[in-house]
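[1] prediction below, plus the sequence it came from.
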Number of protein chains: 2
Amino acid sequence: MEAPKKRILIADDEPDILEIINYNLTKEGYEVYTAKDGNEALDRAKILNPDLIILDIMMPKKTGIEVCNLLRSQSLFQETLIIFLTALSDENSQIKGLETGADDYVSKPISPKVLVSRVNALFRRIYKEEGKTIKIGNVSIDPVKFMVSIDDKGVVLAKKEFELLHLLASKPGRVFLRNEILTQVWGTDVIVGDRTIDVHIRKIRQKLGVDCLTTVKGVGYKFEA
Amino acid sequence: MEAPKKRILIADDEPDILEIINYNLTKEGYEVYTAKDGNEALDRAKILNPDLIILDIMMPKKTGIEVCNLLRSQSLFQETLIIFLTALSDENSQIKGLETGADDYVSKPISPKVLVSRVNALFRRIYKEEGKTIKIGNVSIDPVKFMVSIDDKGVVLAKKEFELLHLLASKPGRVFLRNEILTQVWGTDVIVGDRTIDVHIRKIRQKLGVDCLTTVKGVGYKFEA
DNA sequence: ATTTTGTGTAAACATAAGGTTAACATGGAA
DNA sequence: TTCCATGTTAACCTTATGTTTACACAAAAT
């Protein structure tokens, strides 16, 4: 399966910087979006639900720190990676930035290549399991071969079914909200009916024959042994 | 509950640096160990199995890069956090360091405070999921997995029941007024009858089998061990 | 080019879990 | 005792999810 591209939102008021970062990250295979001030960053973040947000600290409307605080106070953005970008290279700003809940802090002048390396390093750490075979109980899921086995007996799943199962199994026990599932598997722009997820869940349950997908009514689904 | 201390191994050939970093990280609550060259770093890593290894790049016996590569080739150290420390501040070294599989790269001269912030940021990211779990006595509440356990035995709660318990347990000992509970769990716009809360409380008490929800007559409810 | 097959989505309906209510019980304080 | 807040129970209603069927569409096979 083609790994879904990671979404990155960059917020900076200098168009030049936006452009050069955008260029370099896009070249690296990321899906890049931009915002030119704090408010726009917040608005776009809510709609895009990016995997990483790069925030300039000195921005009009709202500073990067303010944006970061607002994002971190919402449960949807608890796990979103955040990198601060800034001209302030003094020690205290950096410490303050990291303590606000950012994952990295890069000082200007920015080397695009270094920034890309740091972005890669963050994603490598978080999504380390991707591409690896997931084994839980007697179920094993190989995202490379696009195959699922139960007790070493192969089961064939369709693409969407596989993606859905793979998502749920990537964090066993964790509940995925219907919304999360939609954005992760279907993407942000696609709109599908209410029953679509259920239908796929049903098909997976049917094909696997093992009861490992648990419904948490009113919340979502989770994978359990 | 106290989290077990995180173990950090620092490798550098300059005793001064070892000492100052050791001092600052220990003060922050980490369990710190040191090594004075590449080989010693490898040996101690195998015995200590630290959560984080801070490696100077220019070291006798083996460079930090070599040590990193050797560690990453062993399955035991796939997940270990690694930070490079170096006097080389040029772009290419940094990129190379990050691509070797390190999680961060800090240039000398090192500000101990900044290093501590970065260490904290890494741990915060990796261990955040565990931080969300509330543990009081033998009851643990995991909002991510949407699960409640008593003495490690899972208990299944319905959505409203879970939300109610989670609210009360979020501030153990504190009394929540009925009004507070209504607005927090049901929202401001919903209007429900008098007995609704009681019924849910009852169900929780029944399912948990442990007496941890105390009634404060005329006031509200609280969670107590 | 045409047929076949498999996949993804929508729509309609069924079902059961969850949530609420109402009626009554209990128990302590004035 | 009497009152009032909460406990208890079971019936009831609501709603999220399960299930099935049908259809559109694209890829593969003919």
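    Alright, I've got the coordinates. Numbering: from 1, shown residues only, chains lettered A, B, ... in the order given.

[2] who is the residue sitting furthest away from the middle of chain A paired with across the strands?
    In terms of distance from the mean C-alpha position of chain A, A:K153 ranks first, at 31.7 Å (Cα atoms, centre = their mean). Per DSSP bridges, the residues bridged to A:K153 are A:I150.

[3] from A:I134, how far off is it?
    As judged by Cβ to Cβ, to the nearest Å, A:K153 and A:I134 stand 17 Å apart. Using the backbone N, CA and C atoms, a C-beta is placed for each residue, glycine as well.

[4] which strands and helices sit next to the host helix or strand of A:I83?
    Under the criterion of DSSP states H and E, A:I83 resides in strand A:81-86. Secondary-structure packing of strand A:81-86 (3 or more Cβ pairs under 8 Å, 6 or more residues apart in numbering or on different chains; DSSP states H and E): strand A:52-56, helix A:64-72, helix A:91-99, strand A:104-107, helix A:112-126.

[5] closest to A:L42 out of those?
    When the helices and strands packed on strand A:81-86 are compared by Cβ to Cβ, helix A:64-72 sits nearest A:L42, at 5.9 Å.

[6] name the residues of that closest one that are buried.
    A:64-68, A:71 (16 or more other Cβ atoms under 10 Å in any protein chain shown).

[7] returning to that earlier point: okay, the helices and strands packed on strand A:81-86, which one's buried deepest?
    Compared across the helices and strands packed on strand A:81-86, strand A:52-56 shows the largest average neighbour count, a mean of 27 (mean count of other Cβ atoms under 10 Å in any protein chain shown).

[8] so that one, near chain B or not?
    No - using Cβ under 8 Å from any Cβ of the partner chain, strand A:52-56 stays clear of chain B, coming no nearer than 12.1 Å.

[9] what does that strand rub up against?
    A:6-14, A:17, A:21, A:41, A:45, A:64, A:67-68, A:71, A:80-86, A:102, A:115, A:119, A:122-123 (Cβ atoms under 8 Å, 6 or more residues apart in numbering or on different chains).

[10] just checking: what are the partner strands of the helix or strand A:I141 falls within?
    Using DSSP H and E, A:I141 sits within strand A:139-142. Here strand A:139-142 has these sheet partners by DSSP bridges: strand A:134-136 (antiparallel), strand A:147-150 (antiparallel).

[11] wait, A:C212 sits on A:V139?
    Yes - look at A:C212 against A:V139 with Cβ atoms under 8 Å: they come within range, at 6.1 Å.

[12] what residues are up against the residue nearest the centre of chain A?
    Centroid-nearest residue in chain A, with Cα atoms, centre = their mean: A:D51, separated by 3.3 Å. By Cβ under 8 Å, 6+ apart, the contact list for A:D51 reads A:6-8, A:80-81, A:123.

[13] and for A:C68?
    A:C68 makes contacts with A:55, A:82, A:84, A:100-102, as judged by Cβ under 8 Å, 6+ apart.

[14] how would you label the nearest residue to A:K203 once chain neighbours are set aside: helix, strand or coil?
    What sits nearest to A:K203 in space, not counting adjacent residues and going by Cβ to Cβ, 6 or more residues apart in numbering or on different chains, is A:E161, at 5.6 Å. Assigned with DSSP: H, G, I helix; E, B strand; the rest coil, A:E161 falls in the helix class.

[15] count of neighbours near A:E161?
    Counted by other Cβ atoms under 10 Å in any protein chain shown, the residues lying close to A:E161 total 22.

[16] surely it meets A:I204?
    Yes - at 5.2 Å, A:E161 and A:I204 qualify as touching, with contact defined as Cβ under 8 Å.

[17] check which residues of stretch A:196-211 are buried.
    A:196-197, A:200-201, A:204, A:207-208.

[18] among those residues, which ones are in helices?
    Counted as lying in helices by DSSP state H, out of these, are A:196-197, A:200-201, A:204, A:207-208.

[19] just the closest of those to DNA strand C, please.
    Nearest to DNA strand C out of these is A:T196 (Cβ to the nearest atom of the strand; 4.6 Å).

[20] and the closest one, what does it touch?
    By Cβ under 8 Å, 6+ apart, the contact list for A:T196 is empty.

[21] for chain B, see how far away it is.
    Separation of A:T196 from chain B (Cβ to the nearest Cβ, to the nearest Å): 22 Å.
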